[in-house]
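*Asks:* Fold the stuff below for me.
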Amino acid sequence: MIRLNQEQINFIKENFENWEELLNSTDRRPILKALHLFIDREGFDEFYNLNDLGREAQRVYDSIYCNN
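*Replies:* Numbering: from 1, shown residues only. Here you go, the predicted model:
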């Protein structure tokens with residue numbers, strides 16, 4: 001099982017339809033891939049700068065990457 005804190009769990013539940021599958025994964029790669037695609041799709045403004053949602057998603061991505 002992947003180590004996640006409550007903030008990460010809440011972010012995944014709020015932003016992914018397949019959150020149960022992601023949270024039950026024993027490998028971090030599916031979560032990281034989903035977050036990467038989410039950031040590409042939702043995380044940038046019109047000038048290709050990270051928006052608030054993108055920064056939050058990037059924090060979640062980075063902490064999952066570093067802690068697992």
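*Asks:* quick one, strands of the protein?
*Replies:* With DSSP state E as the definition, the chain shows no strands.
*Asks:* Now for the residue nearest to Asn68 when sequence neighbours are not counted: which residues touch it?
*Replies:* Among residues not flanking Asn68 along the chain, Arg28 sits closest, at 4.5 Å (CB to CB, 6 or more residues apart in numbering). Where you see a C-beta, it was placed from the backbone N, CA and C, and this is true even at glycine. Counting by CB atoms under 8 Å, 6 or more residues apart in numbering, Arg28 touches 2, 64-65, 68.
*Asks:* try Leu37
*Replies:* For Leu37, no contacting residues are found, by CB under 8 Å, 6+ apart.
*Asks:* Go ahead and build a ChimeraX selection from the buried members of the contacts of Arg28.
*Replies:* To isolate the buried ones among those in ChimeraX, judged by 16 or more other CB atoms under 10 Å, type:
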select :2,64
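*Asks:* TSV for the contacts of Arg28, including distance to Asp45 and pLDDT?
*Replies:* Formatted as TSV, the contacts of Arg28 follow (distance: CB to CB, whole Å; pLDDT from 0 to 100):
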residue	distance to Asp45	pLDDT
Ile2	30	90
Ile64	24	97
Tyr65	24	97
Asn68	30	93
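*Asks:* Let's have the contacts of Arg28 in CSV, adding distance to Asn10.
*Replies:* As requested, these are arranged in CSV below (distance: CB to CB, whole Å):
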residue, distance to Asn10
Ile2, 15
Ile64, 13
Tyr65, 18
Asn68, 17
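*Asks:* Greatest separation within the contacts of Arg28: which pair is it?
*Replies:* Spanning the widest gap among the contacts of Arg28 are Ile2 and Tyr65, at 10.8 Å by CB to CB.
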